[in-house]
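Chemist: Please work out how this folds:
(2 chains)
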Number of protein chains: 2
Amino acid sequence: MKFAFLLYPGVEPIDLAALGVVSMGRRLMPALSYLTVAAAPGLQTLANGLRVAADTGFDDCPPVDWLIVPGGPGWSAAAEDPALLDFLRARAATPMVSLCTGAMILAAAGLLDGRVATTKCQVTAAEDSPLDLLAERHPRVEARPALLVDEGQLITGGGVGLCIDTLLYLLATRVDAAKTEELARILEYGAAAQANRARLDTVVRSGAAAGG
Amino acid sequence: MKFAFLLYPGVEPIDLAALGVVSMGRRLMPALSYLTVAAAPGLQTLANGLRVAADTGFDDCPPVDWLIVPGGPGWSAAAEDPALLDFLRARAATPMVSLCTGAMILAAAGLLDGRVATTKCQVTAAEDSPLDLLAERHPRVEARPALLVDEGQLITGGGVGLCIDTLLYLLATRVDAAKTEELARILEYGAAAQANRARLDTVVRSGAAAGG
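Modeler: This next block holds a predicted model:
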């Protein structure tokens, strides 16, 4: 299973932990692989200065099994970037998973219309709630607080650290549940994942809903 | 508080989540900052191909408050790299925190001698246990399974996903406990952190032991 991880200016570096789950996952599921994609190949500056290289630009991105759309303070500019939105719309047939405020970008591309979705719920007192913004700006999206929402070809994950839970869920349901449980153990994340599942509803939809 | 995050070939990308904790932490503790350091400035290739830029080389790295030494499959080559070990020894007065198998590099530099330390404990059936290797190769280090070990100027964190817990602990004890609790909440990591603390002993040593 091949993943492409979308990069844009202002991605929050902690969302790279999701890509880290894929990387660590190769120890148990060697067929996993990933690449990074941005408007053009080369360095992207993430939030607070971390610079990460995109392996490929939008025009040359090979077919992948899942496209990962991370969040971060750059989401609002990304959600108004015509080239980025065109790239997502052109790949609408590719299964996608959003992390944190990455759901706001998918919503801006129209890819969440008619679907249930979640995004970052917890914010500082000074910040707007992305979940509220998702509901306000995108009335065709059914915004819901959740660990993650599974709509078949589209998975929207909750905020920040839940990106790890989201990728573990994806690997458990689409690749190998037993190996993913083993992966959580070697990540020393088993207890954490269990605590998160107990805390927030996991919304799972499939079949007709996924065809939405 | 300024952090330098060490990069070397083969760092496991999920350890970047620790740097992500610092990045997200700026929303509540604006004085936090970070840079990345490697043998030379420029791109480093992490495990499975992620390329991340080092902001500075060893020779030009400015003084920082904490040096973060991540782990990953590249640790064994890093632990035999004279330039990297010299850099760490030259910075021995700088407080350091290791993540996962990063402790093996600190041990190779002799910086854990006479101290209690932990490292990655959970591995696949095919892998050697870094905790066992730490005990076998470095008899002057008291290797112990733990969430983390606090030796004052040196903190060694447990495996992989526990890098998030390690950085939260560091911020809680050295910067601001209340703001760090709030940070865990906006990371949606509060329940996970609590579950991890309940699972593995947290060894805290200070005072005379830290001078060890």
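
Chemist: what's the pLDDT at the residue nearest to A:Ala103 when sequence neighbours are not counted?
Modeler: For A:Ala103, ignoring the flanking residues on the chain, the nearest one in space by Cβ to Cβ, 6 or more residues apart in numbering or on different chains is A:Thr119 at 3.8 Å. Using the backbone N, CA and C atoms, a C-beta is placed for each residue, glycine as well. What the model reports for A:Thr119 is a pLDDT of 95.

Chemist: again with A:Gly212
Modeler: In this model, A:Gly212 is scored at 36, pLDDT.

Chemist: State the phi and psi torsions of the residue nearest the centre of chain A.
Modeler: When chain A is reduced to its mean C-alpha position, the nearest residue by Cα atoms, centre = their mean turns out to be A:Ser98, at 2.4 Å. Backbone dihedrals for A:Ser98, given as degrees, to the nearest 10, come out at phi -100, psi 150.

Chemist: bridging residues for it?
Modeler: Here A:Ser98 sits in beta bridges with A:Val69, A:Thr156, as judged by DSSP bridges.

Chemist: mind listing what it touches?
Modeler: When the contact criterion is Cβ atoms under 8 Å, 6 or more residues apart in numbering or on different chains, the partners of A:Ser98 are A:Ile68, A:Val69, A:Pro70, A:Gly71, A:Ile105, A:Leu106, A:Ala117, A:Thr119, A:Leu154, A:Ile155, A:Thr156, A:Gly157.

Chemist: how about those residues in TSV, adding distance to B:Glu80?
Modeler: Rendered in TSV, the data for the contacts of A:Ser98 read as follows (distance: Cβ to Cβ, whole Å):
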residue	distance to B:Glu80
A:Ile68	34
A:Val69	39
A:Pro70	34
A:Gly71	38
A:Ile105	43
A:Leu106	45
A:Ala117	48
A:Thr119	45
A:Leu154	46
A:Ile155	41
A:Thr156	44
A:Gly157	39
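
Chemist: Dump those into TSV; add distance to B:Pro30 and neighbour count as well.
Modeler: Putting the contacts of A:Ser98 into TSV (distance: Cβ to Cβ, whole Å; neighbours: other Cβ atoms under 10 Å in any protein chain shown) gives the following:
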residue	distance to B:Pro30	neighbour count
A:Ile68	29	27
A:Val69	28	29
A:Pro70	23	30
A:Gly71	20	28
A:Ile105	26	28
A:Leu106	30	27
A:Ala117	31	29
A:Thr119	24	34
A:Leu154	36	22
A:Ile155	33	26
A:Thr156	30	31
A:Gly157	27	35
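
Chemist: What helices and strands are in contact with the longest helix seen in chain A?
Modeler: When secondary structure is assigned using DSSP state H, the longest helix within chain A turns out to be helix A:162-174. Helices and strands touching helix A:162-174, as assessed by 3 or more Cβ pairs under 8 Å, 6 or more residues apart in numbering or on different chains; DSSP states H and E, comprise helix A:16-25, strand A:96-98, strand A:148-150, strand A:154-157, helix A:177-186, helix A:190-199.

Chemist: of these, which approaches B:Gln44 most closely?
Modeler: Proximity to B:Gln44, assessed across the helices and strands packed on helix A:162-174 by Cβ to Cβ, is greatest for helix A:16-25 (13.9 Å).

Chemist: Not counting that closest one itself, show me its contacts.
Modeler: A:3, A:5, A:32-34, A:36, A:52, A:68, A:70, A:99, A:157, A:161, A:163-164, A:166-168, A:171, A:175, A:180, A:183, A:186-187, B:12-17, B:20, B:46-48, B:50, B:160, B:164.

Chemist: I'd like to know which of those are buried.
Modeler: Among these, those classed as buried by neighbour count (16 or more other Cβ atoms under 10 Å in any protein chain shown) are A:3, A:5, A:32-34, A:36, A:52, A:68, A:70, A:99, A:157, A:161, A:163-164, A:166-168, A:171, A:175, A:180, A:183, A:186-187, B:12-17, B:20, B:46-48, B:50, B:160, B:164.

Chemist: what stretches of chain A score poorly on pLDDT?
Modeler: Within chain A, the set of residues satisfying pLDDT under 70 comprises A:206-212.

Chemist: how many neighbours does the closest residue to A:Leu67 other than its chain neighbours have?
Modeler: Across the structure, with Cβ to Cβ, 6+ apart as the measure, the residue nearest A:Leu67 apart from its sequence neighbours is A:Met96 (4.6 Å). By the other Cβ atoms under 10 Å in any protein chain shown criterion, the neighbourhood of A:Met96 contains 25 residues.

Chemist: Repeat that for the one 5 residues further on.
Modeler: Other residues near A:Thr101 come to 28 when the count uses other Cβ under 10 Å.

Chemist: and it, what does it touch?
Modeler: Taking Cβ under 8 Å, 6+ apart as the test, what A:Thr101 contacts is A:Gly71, A:Gly72, A:Trp75, A:Thr119, A:Lys120, A:Pro130, A:Gly159.

Chemist: A:Leu170 too?
Modeler: Under the criterion of Cβ under 8 Å, 6+ apart, the neighbours of A:Leu170 are A:Trp66, A:Val97, A:Ile155.

Chemist: again, 10 Å this time
Modeler: With contacts defined as Cβ atoms under 10 Å, 6 or more residues apart in numbering or on different chains, the neighbours of A:Leu170 are A:1, A:3, A:18, A:21-22, A:66, A:68, A:95, A:97, A:148, A:150, A:155, A:157, A:180.

Chemist: Where does A:Phe3 fall, secondary structure wise?
Modeler: A:Phe3 is part of strand A:2-6, with elements assigned from DSSP states H and E.

Chemist: how far does stretch A:137-153 sit from the chain's center?
Modeler: Put simply, stretch A:137-153 sits 12 Å off its chain's centre (Cα atoms, centre = their mean, to the nearest Å).

Chemist: ah, wrong one, I meant stretch A:174-187
Modeler: The gap between the average C-alpha position of stretch A:174-187 and the chain average comes to 19 Å, counting by Cα atoms, centre = their mean.

Chemist: cool, and stretch A:98-115?
Modeler: Computed by Cα atoms, centre = their mean, the chain-centroid distance of stretch A:98-115 equals 10 Å.

Chemist: And that stretch, what's buried?
Modeler: Judged by neighbour count using 16+ other Cβ under 10 Å, the buried positions of stretch A:98-115 are A:98-109, A:111-112, A:115.

Chemist: just checking, A:Leu35 touches A:Pro63?
Modeler: No: when contacts are counted by Cβ atoms under 10 Å, A:Leu35 is not listed as touching A:Pro63 (11.2 Å).
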